[in-house]
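Chemist: What would the 3D arrangement of this be:
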Amino acid sequence: MRILFMGTPDFAVASLRRLVEDGHELCGVLTQPDKPKNRGHKLTPTPVKEYALTKNLAVYQPATLRDPAALELVRSLEPELIAVAAYGKLLPEEILNVPPRGCVNVHSSLLPKYRGAAPINWAVLNGETETGVTIMYMAKELDAGDIILQRSTFIGETEDAQALTQRLAELGAEALSETVAALANGTAARVPQDHEKYTYAPMLGKELSPVDWTRPAHAISCQIRGLIPWPCATTDVIGGGEMKLYAALETGEATQAAPGSVVAAGKQGIDVACGDGRVLRITELQAKGGKRMTAGAYLLGHPIQR
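Modeler: Predicted structure coming up:
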């Protein structure tokens with residue numbers, strides 16, 4: 001099938017790679033413009049662009065899709081189908097109407113739950129035990145199109161959003177492959193979403209970072225795991241100023257200490273009292289201006305006085 005692919009981050013690369021491996025004709029790849037990164041502000045291509053160029057695919061990086069030039073570009077490529085995975089911008093209705101087989105999107109949640117920009121993070125933040133991917137027809141409204149295919153998976157007890165993203169990328173690629181095959185042979189389903197049951201997963205911000213130790217240990221564990229790799233949970237209860245938290249373990253131990261108190265510290269980690277009387281062990285952290293490291297390694301140079 002002649003497909004125009006649209007995607008930007010690492011999550012989208014798996015879907016593009018699968019379409020290439022399945023032998024489809026990729027008439028073009030649309031991705032976000034290169035952006036400056038790091039201290040040198042060197043323009044850096046998106047992961048999708050990097051992969052597409054290794055396969056000699058035509059790459060296009062329009063600054064906006066809401067002008068006549070973008071519409072004409074899409075029309076000139078004559079795609080039968082547009083496949084989208086984490087492109088980063090809404091598609092105007094005029095573009096949605098171009099391909100005869102429609103536009104499909106790889107969304108990393110079990111719709112109608114977690115429509116929006118950060119479904120994987122919010123699933124972890126909210127303590128969900130199951131999530132998945134949805135392949136849907138794209139509609140004018142955000143993530144509200146009819147469902148073609150869904151695949152579910154459990155969320156591991158210690159799995160963070162970054163690791164889950166990698167798994168869902170592969171699951172999404174597999175589901176997209178099945179969807180394109182079904183579209184080609186005319187067996188693709190089309191199930192309207194129950195719009196009354198939708199939930200929203202907005203973009204993340206640093207206001208989510210500070211840990212409130214009066215919350216239960218499990219809720220704080222979900223916060224730490226859900227904010228990986230950005231913006232990361234933060235705390236200043238350990239000493240040495242505010243630091244980022246990258247991993248923690250629910251010990252199941254009870255404590256009478258006040259929430260936010262360090263009750264133990266050693267090579268296994270730093271144990272902190274939580275609001276439900278349980279202990280959460282911080283196992284990986286990053287002090288301001290320092291490197292990411294195990295809590296045990298941090299304590300070697302920064303012993304905690306209690």
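Chemist: CA atoms only: put the one helix or strand Tyr298 maps to into PDB for me.
Modeler: Applying DSSP states H and E as the criterion places Tyr298 in helix 295-301. C-alpha atoms of helix 295-301 as PDB (Å, rounded to 0.1, in the frame of the first residue of the first chain):
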ATOM      1  CA  ALA A 295      21.200   6.100  46.300                       C
ATOM      2  CA  GLY A 296      23.900   3.900  47.800                       C
ATOM      3  CA  ALA A 297      26.600   5.500  45.700                       C
ATOM      4  CA  TYR A 298      25.300   9.000  46.600                       C
ATOM      5  CA  LEU A 299      25.500   8.200  50.300                       C
ATOM      6  CA  LEU A 300      29.200   7.300  50.000                       C
ATOM      7  CA  GLY A 301      30.000  10.900  49.400                       C
END
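Chemist: in that helix, what's buried?
Modeler: Of all the residues in helix 295-301, those buried under the rule 16 or more other Cβ atoms under 10 Å are 295, 298-299. Yep, even glycine has a C-beta here, placed from its N, CA and C like the rest.
Chemist: ok, now stretch 97-113?
Modeler: In stretch 97-113, counting by 16+ other Cβ under 10 Å, buried: 98-99, 101-113.
Chemist: How far does stretch 110-119 sit from its chain's centre?
Modeler: Centroid separation between stretch 110-119 and its chain, computed with Cα atoms, centre = their mean, to the nearest Å, is 11 Å.
Chemist: Listing request: residues of this structure with sub-threshold pLDDT.
Modeler: Residue ranges of the chain with pLDDT under 70: 39-40, 305-306.
Chemist: can you give me the helices in it?
Modeler: 10-21, 47-54, 68-77, 93-96, 119-125, 161-185, 217-226, 295-301 (DSSP state H).
Chemist: The last one - contacts with which helices or strands?
Modeler: Based on contacts counted as 3 or more Cβ pairs under 8 Å, 6 or more residues apart in numbering; DSSP states H and E, the elements that helix 295-301 packs against are strand 262-266, strand 269-273, strand 278-287.
Chemist: so which of those strands is the most packed in?
Modeler: strand 269-273 (a mean of 24; mean count of other Cβ atoms under 10 Å).
Chemist: Domain parsing of the chain, as residue ranges.
Modeler: The chain breaks down by automatic domain parsing into domains covering 2-197, 206-301.
Chemist: Output the contacting helices and strands for the lengthiest strand in the chain.
Modeler: In the chain, assigned by DSSP state E, the strand with the most residues is strand 243-254. Judged by 3+ Cβ pairs under 8 Å, 6+ apart, strand 243-254 is in contact with helix 217-226, strand 233-235, strand 269-273, strand 278-287.
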